[in-house]
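Asker: With the sequence up front, the predicted model follows.
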Amino acid sequence: MDRKRIWGWWFFDWASQPYHTLLVTFIFSIYFAEVARQQFMAAGLDEMAAGAQAQALWGYGLAVSGAVIALLAPVLGAVADTSGRKMAWIWLFSAFYVFGSAGLWLLSPDQPALLMAVTFFAIGMIGVEFATIFTNALLPGLAPRDEIGRVSGSGFAFGYLGGLIALVAMLLLFAETPSGKTLIGIDPVLGLDAARREGTRFVGPFTALWYIVFMVPFFLWVREPRGSRQPVRIRAALRDLWALILGLRHRTSLRNWLISSMLSRDALNALYGFGSVYAGTVLGWPVFMAGVFGVVSVIAATILSWAGGRADRRFGPKPVIAACTVILIGVCLIVISMDRDTVFGMTVGRAPLFAGLSLPDLIFFGCGVAIGGAGGALQSASRTMMVRHTTEERATEGFGLYALSGKATAFAAPFLIALTTDLTGNQRMGISPLIVIFLLSLLLLIWVKAEGEDTP
């Protein structure tokens with residue numbers, strides 16, 4: 001194995017993880033929810049209705065970006081497969097990542113342009129998702145088959161470690177608490193104005209700069225395998241893709257795996273995207289509290305992704321995927337059964353039990369550990385399962401299908417959450433569609449062969 005090339009590939013996870021950690025899950029999403037809720041309350045809505053509107057707007061934004069990804073993923077995957085080029089696409093979508101994340105600076109609390117913020121966020125999300133498609137396609141050529149699980153798990157663990165360090169840096173140096181100071185009691189550095197929330201808003205440019213710096217090892221050390229380079233022919237690429245999709249009717253295990261993975265990844269991404277929005281609007285957490293929650297969650301994700309890679313190597317990816325899915329179903333059941341004052345219908349009050357946190361706060365911290373750990377291990381094992389259903393020679397083709405399945409319904413879970421929230425006016429009930437989606441993904445695993453199947 002080329003250790004330098006593997007480390008370079010791991011650095012993509014390190015560089016890109018802050019988009020998920022800082023923007024999707026812990027810092028920007030809850031800041032957006034705060035600002036949106038305040039604007040809706042200023043327009044005359046009560047606190048619960050304003051929170052529901054904020055969650056719905058965020059959900060529709062994720063749904064639109066997911067729909068764009070779903071429409072373009074098969075086209076781009078097919079073009080990359082036929083042309084044999086991946087690095088050029090990674091460069092292109094890295095630019096989307098940087099532009100979209102940097103633009104989030106413009107969401108100010110005094111004149112909040114909510115739709116503009118959602119648009120920038122969608123551009124960055126499209127960038128990170130498409131760049132990930134092409135970097136994943138490089139995985140089968142990095143190591144022997146029996147080492148792929150370890151390489152994939154270690155890559156996720158390394159990425160989560162990068163996300164953790166980025167999150168800690170944001171909390172200690174930039175993001176202001178309600179007192180106007182950072183978590184260590186200093187003014188936001190670089191002269192950022194806490195009164196205008198510039199410390200928190202800096203999360204967008206910070207994420208962009210982090211990516212620019214830490215993608216350097218990737219672009220220096222990772223090279224595509226030598227092979228034939230063909231001109232880009234979109235029509236031929238789509239014809240080949242359609243033939244490949246039709247061929248799935250003869251590959252029962254791969255077909256059911258792609259659908260199962262599509263459902264579980266869609267639900268997991270929605271859970272990531274709405275966790276901090278829920279914490280901010282239902283539990284009333286400020287941004288810094290969500291950041292501390294994020295530190296705990298990411299530490300769990302780092303450790304359990306690494307452990308999941310070892311479990312994958314020993315037991316195979318299928319048992320790891322099944323166990324993680326069951327854990328995530330349990331998390332969803334807990335989330336919809338609690339609010340600031342009740343847990344499973346029992347009144348618990350707001351008295352602090354530990355470090356100023358009430359019982360609902362502590363339970364949600366536990367949910368964060370479960371989401372981070374199970375989510376990281378699930379994604380790592382899913383990459384390995386895909387490798388077991390393809391070969392190095394047909395890796396881009398296989399991961400093109402994997403990307404297509406992962407994005408084909410990327411809009412569905414956020415849309416169902418937004419729609420359910422709109423119809424019920426209840427944020428907790430808005431999470432309930434995820435339970436059904438996870439259950440369906442678990443059911444389909446029954447027909448997935450643990451060792452994959454022969455690739456025609």
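Answerer: Here it is on my side, so go on. Since the structure is predicted, the reported quantities are computational estimates derived from the model, not experimental observations.
Asker: use CA for all of it now, contacts and neighbours both
Answerer: Will do.
Asker: What score does residue 229 have for pLDDT?
Answerer: Among the per-residue scores, residue 229 holds a pLDDT of 57.
Asker: Give me the average confidence score over the strand or helix carrying residue 64.
Answerer: If you go by DSSP states H and E, residue 64 is part of helix 47-83. Taken as a whole, helix 47-83 has a mean pLDDT of 75.
Asker: So which elements touch it?
Answerer: On a contact count with 3 or more CA pairs under 8 Å, 6 or more residues apart in numbering; DSSP states H and E, helix 47-83 meets helix 28-42, helix 114-136, helix 234-246, helix 252-281, helix 395-408, helix 412-424, helix 427-430.
Asker: For residue 183, which of those is the nearest?
Answerer: Closest approach to residue 183 among those (CA to CA): helix 28-42, 16.1 Å.
Asker: and the closest one with helix 47-83, angle?
Answerer: 140 degrees (axes from the mean of the first three to the mean of the last three CA atoms, to 10 degrees).
Asker: Might you report the residue contacts of the residue lying closest to residue 208 once chain neighbours are set aside?
Answerer: Using CA to CA, 6 or more residues apart in numbering and skipping the chain neighbours, the partner closest in space to residue 208 is residue 98 (4.7 Å). With contacts taken as CA atoms under 8 Å, 6 or more residues apart in numbering, residue 98 has the following neighbours: 124, 207-209, 211-212.
Asker: which SSE is residue 98 in?
Answerer: helix 87-102.
Asker: Give the residue spans of the stretch 351-456 of the chain that score low on pLDDT.
Answerer: 355, 391-400, 403-404, 406-410, 454-456 (pLDDT under 70).
Asker: pLDDT (mean, whole number) over stretch 6-14?
Answerer: Averaging pLDDT along stretch 6-14 gives 93.
Asker: Give me the contacts around that stretch.
Answerer: Residues outside stretch 6-14 that contact it (CA under 8 Å, 6+ apart) are 135, 142, 151, 154-156, 158-163, 214-215, 217-222.
Asker: redo that, cut-off 7 Å
Answerer: By CA atoms under 7 Å, 6 or more residues apart in numbering, the surrounding residues in contact with stretch 6-14 are 142, 155-156, 158-160, 162-163, 214-215, 217-218, 221-222.
Asker: What of stretch 358-369?
Answerer: Stretch 358-369 has contacts (CA under 7 Å, 6+ apart) with 293, 296-297, 300, 331, 338-340, 343, 350-353.
Asker: angle of the helix or strand where residue 307 lies against helix 252-281?
Answerer: Taking DSSP H and E as the criterion, residue 307 maps to helix 287-315. With the same axes, to 10 degrees defining the directions, helix 287-315 sits at 160 degrees from helix 252-281.
Asker: distance between helix 287-315 and the chain's centre?
Answerer: 13 Å (CA atoms, centre = their mean, to the nearest Å).
Asker: what is the rounded mean pLDDT of that helix?
Answerer: Mean predicted confidence for helix 287-315 is 77.
Asker: Packing partners of that helix?
Answerer: Packing contacts for helix 287-315, counted by 3 or more CA pairs under 7 Å, 6 or more residues apart in numbering; DSSP states H and E, involve helix 148-173, helix 359-387.
Asker: looking at those, which is closest to residue 313?
Answerer: helix 148-173 (5.6 Å).
Asker: on that earlier part again, what's the closest of the helices and strands packed on helix 47-83 to residue 106?
Answerer: Nearest of those to residue 106, taken as CA to CA: helix 114-136 at 7.3 Å.
Asker: Which other helices and strands does the closest one contact?
Answerer: helix 47-83, helix 87-102.
Asker: Need the residues that contact that helix.
Answerer: Contacts of helix 114-136 (CA under 7 Å, 6+ apart): 16, 36, 61-62, 65, 69, 86, 90, 93-94, 96-101, 103-104, 107, 403.
Asker: That helix: how far from the chain's middle?
Answerer: 11 Å.
Asker: which parts of that helix are buried?
Answerer: Under the neighbour-count criterion of 16 or more other CA atoms under 10 Å, helix 114-136 has 114, 117-136 buried.
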